[in-house]
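Asks: 3D, please:
(one chain, ligands or ions: 1)
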Amino acid sequence: MNNISNLEIIAKNLIGRESITPKDGGCQEYIKNELLDYKFKCENIDLEDVKNIWLRKGSKEPLLVFAGHTDVVPPGNLDEWNTDPFKPEVKNNILYGRGASDMKSSIASMISATQRFVKNNPNHKGSIGFLLTSDEEGPAKYGTRKVIEKFKKENTNIDYCIVGEPTSSNKFGDTIKNGRRGSLTGYLKVIGIQGHIAYPDLAKNPIHCTGLLINELNNYSWDNGNKYFPKTSFQISSIKSDEVASNMIPGSTDIVFNLRFSNELTQDDIKNKFEELLSKINCKYEISWNCSAEPFITNEGELTRILQKAIKDTVGIDSSLSTSGGTSDARFISQHAKETVEFGPLNKTAHKVNESIDLNDLNNLEKIYYATLCEILL
Ligand SMILES: [Zn+2]
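Replies: Prediction:
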C-alpha cells in the first residue's frame, strides 16, 4: 500500500490545515485550487470572521451541490492523542487527525469524485456546486445560513444537496440522514421569596417549586415521534440557586433545559405547553427561549433512492433513513433545496481524541459520491 491515492493526499492536505472553528486555515483556498482546473467558478463570501466559499461548474439544471464545513472542533486534551491532531498519519490503514471523521474526509471524497467524474464525462449535463463554510462547529451564524439567504435572493436554485456529515453509526453506509430534530433551549428563572430557613411560612422556596415542575415534566409525554423522528426528548442541563447560607431559603432558581423535538410539534406548541405546566406550580417565573433549529424532513425522493442504491452497490449495505443526532447545516439548506440529505463516514470518533477514518471507508465514500454524480448528471 505504498502508492498513496489522490484522494488520500487531498484528505491529508485538509486535515493538515489547522482550522479550529471559525478559522478555515487555508482549506477553502486549497479546495478552490483543486477545482479550478475543472472549470469551477469561485465566489468567496466572507462575513465577519467566517469564510464561506461557493464553487460552481456550469449554469444549467439540475444543480447538485456538495455541502459541508472546513472548520473542526478543538483537539481537546493533546496528551490523549496518539498523533498530532493536525499532522495526518496512517497506521494500519486508518487515517488519524482532527476532521478525519467530521468532515474533511467527506470533502476530500467530494473533490476527488468530482475530479474523476468531470475528467471522464466532460460533457455531463447540469451543474455541480460546492458550498463550504468555516462556521458550522461554532455559532453557525455567518456561514451556510447567510449563503442560503443570498441564494434565495439571487434565485440560485439547488435541486439536490448532499451534506457530508458523518452519518454512519455502526457500519460505514448504514445511515443516511434525511432530516434532523429541532433544538429548543429554555432559560427559566423560578422566583420565590428569600427568607430564614426556620420560618418557611414567611418565605417561598423556589427549589421546592422547581421540584414540582420537574416532576410534572418527567411525567409528561410530548409526543410519540413518527416514522422518521424519535420521541421528543426533554433534558435539564443545569439548576442553580443563589449562593446563600445554610440557614437561608434562596430567592430564585435558574434552570437551563433543552428539547430535541420532532416535526409533530412546533416550538410554539412546546412553549405553550410549558407555560401551562408552569402555571401548576404556583410560582412566579421568567422564561426566555432560543430555538437553534426547527425540525426538518426531506421526503423519500430521488436523492435518497439514488444514494441508497449507490451505497448498496458499493458496500452491499441497505442503509436506513434517520433524523437522529445533533443539528447540522442541512437545516438551512433544506429550506431552499428541493432535496437535502446527509451522508458520510462513521461518526464514532467525531469530536473525540484520536479522530479517524478507515481508508477503505474513505475510498468507498468517494465511490458512492461518484456513483451519485453519474446517476444525476449523466
Ligand atoms: Zn460536522
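
Asks: Kindly state the distance between the middle of stretch 253-262 and the middle of its chain.
Replies: Averaging C-alpha positions (Cα atoms, centre = their mean, to the nearest Å) puts stretch 253-262 19 Å from its chain's average.

Asks: Not counting that stretch itself, show me its contacts.
Replies: 181-190, 192, 206-207, 209-210, 222-223, 225-226, 229-241, 267, 270, 295, 323 (Cβ atoms under 8 Å, 6 or more residues apart in numbering). To be clear about C-beta, it is placed using only N, CA and C from the backbone, and glycine gets the same treatment.

Asks: hmm, which of those are the buried ones?
Replies: By neighbour count, with 16 or more other Cβ atoms under 10 Å, these hold 181-184, 186, 188, 190, 192, 206, 209-210, 222-223, 225, 229, 232, 234, 236, 239, 241, 267, 270, 295, 323 as buried.

Asks: and the residue nearest to the spatial centre of the chain, which of the three is it?
Replies: By Cα atoms, centre = their mean, the mean C-alpha position of the chain lies nearest to S328, the distance being 2.2 Å. With DSSP: H, G, I helix; E, B strand; the rest coil as the basis, S328 sits in coil.

Asks: Could you find the closest non-adjacent residue to it?
Replies: Leaving aside its sequence neighbours, S328 sits nearest to E165 (Cβ to Cβ, 6 or more residues apart in numbering; 5.0 Å).

Asks: Tell me which residues touch the residue in the stretch 151-300 of the chain that the ion sits nearest to, please.
Replies: When distances are taken as Cβ to the ion, the stretch 151-300 of the chain reaches nearest to the ion at E165, 4.8 Å away. Taking Cβ under 8 Å, 6+ apart, we find E165 in contact with 68, 102-103, 106, 177, 328, 330, 342-344, 347.

Asks: elements contacting the helix or strand of the chain at the bottom of the mean pLDDT ranking?
Replies: Here the helix or strand of the chain ranked lowest by mean pLDDT, DSSP states H and E is strand 296-297, holding a mean of 88. Packing partners of strand 296-297 (3 or more Cβ pairs under 8 Å, 6 or more residues apart in numbering; DSSP states H and E): strand 179-180.

Asks: can you do 10 Å?
Replies: Here strand 296-297 touches strand 179-180, helix 330-333, going by 3 or more Cβ pairs under 10 Å, 6 or more residues apart in numbering; DSSP states H and E.

Asks: ok now it, how far from the chain's centre?
Replies: With Cα atoms, centre = their mean as the basis, strand 296-297 stands 13 Å off its chain's centre.

Asks: Next: stretch 361-374.
Replies: 21 Å.

Asks: Check stretch 187-203 too.
Replies: 41 Å.

Asks: Check the average confidence over it, would you?
Replies: Regarding stretch 187-203, the rounded mean pLDDT is 95.

Asks: Could you pull out the buried residues of that stretch?
Replies: Applying a neighbour-count criterion of 16+ other Cβ under 10 Å, the buried positions in stretch 187-203 are 188, 190, 192-195, 203.

Asks: Stretch 250-268 too?
Replies: By neighbour count on 16+ other Cβ under 10 Å, the buried set for stretch 250-268 is 250-255, 257-263, 265, 267.

Asks: Next: stretch 146-160.
Replies: For stretch 146-160, burial by neighbour count (16+ other Cβ under 10 Å) applies to 146-148, 151, 156, 158-160.

Asks: Let me have the residues you listed in TSV, extended by distance to the ion and pLDDT.
Replies: Formatted as TSV, the buried residues of stretch 146-160 follow (distance: Cβ to the ion, whole Å; pLDDT from 0 to 100):
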residue	distance to the ion	pLDDT
K146	18	96
V147	16	97
I148	17	97
F151	21	97
T156	23	95
I158	19	96
D159	23	96
Y160	20	96
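
Asks: Sitting in strands, which of those residues do you find?
Replies: Mapping those onto strands (DSSP state E) picks out Y160.

Asks: Narrow the buried residues of stretch 146-160 to those in helices?
Replies: Among those, the ones falling in helices (DSSP state H) are 146-148, 151.
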